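Student: Give me the fold of what follows.
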Amino acid sequence: MVEDNDFLIISPDVWKFFELHYGGYPIKRYGVREDENSIECVVEVNLQKIFAFDIPKEKRAPLAIETFLVPKTYTLNDLNKLVAKI
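Tutor: Numbering: from 1, shown residues only. So this is what the prediction gives:
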């Protein structure tokens, strides 16, 4: 990603102007390291969307659906911990 080509850094006043006129909401971004010893962190911008379905045993019970955005570095163990929180 290249500054002024892919993104702009703006002042807090400009941010407040746009937020007032257009609204806004936080966009979650994950920082990932190449390995445990790495100091540098890279921002994950292409998160993977994962759908989890809780299929009820009774036919009339509602189907529960959860959506998670996870970085590509997540393992099945990481996903298991995330799903266990709900």
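Student: and G31, bridged to which residues?
Tutor: V43 (DSSP bridges).
Student: Tell me which stretches of the chain form helices.
Tutor: Secondary structure of the chain, counting by DSSP state H: helices at 12-22, 76-84.
Student: From the contact counts, what lies against the shortest one?
Tutor: So that's helix 76-84. Contact here means 3 or more C-beta pairs under 8 Å, 6 or more residues apart in numbering; DSSP states H and E; on that basis helix 76-84 packs against strand 64-70. For glycine as for every other residue, the C-beta is placed from the backbone atoms N, C-alpha and C.
Student: re earlier: worst average pLDDT in the helices of the chain?
Tutor: Least confident of the helices of the chain, judged by mean pLDDT, is helix 76-84 with a mean of 82.
Student: Now do that one: everything it contacts.
Tutor: 50, 52, 66, 68, 70, 74 (C-beta atoms under 8 Å, 6 or more residues apart in numbering).
Student: Assess the claim that the second one and I65 are in contact.
Tutor: Read that as A52. Yes. A52 lies in contact with I65 (C-beta atoms under 8 Å); the separation is 7.3 Å.
Student: what number of residues lie near G24?
Tutor: The local packing of G24 (other C-beta atoms under 10 Å) involves 11 other residues.
Student: ok, and the closest non-adjacent residue to it?
Tutor: Excluding the flanking residues, the one nearest G24 by C-beta to C-beta, 6 or more residues apart in numbering is F18, at 7.4 Å.
Student: that older thread, show me which of A52 and I65 is the more surrounded one.
Tutor: The neighbour comparison of A52 against I65 (other C-beta under 10 Å) goes to A52, with 13 against 9.
Student: Now do the same contact list for the residue nearest to the more buried one when sequence neighbours are not counted.
Tutor: Distances taken as C-beta to C-beta, 6+ apart put E66 closest to A52, at 4.5 Å, once the chain neighbours are dropped. E66 makes contact with 51-52, 54, 83, 86 under the criterion C-beta under 8 Å, 6+ apart.
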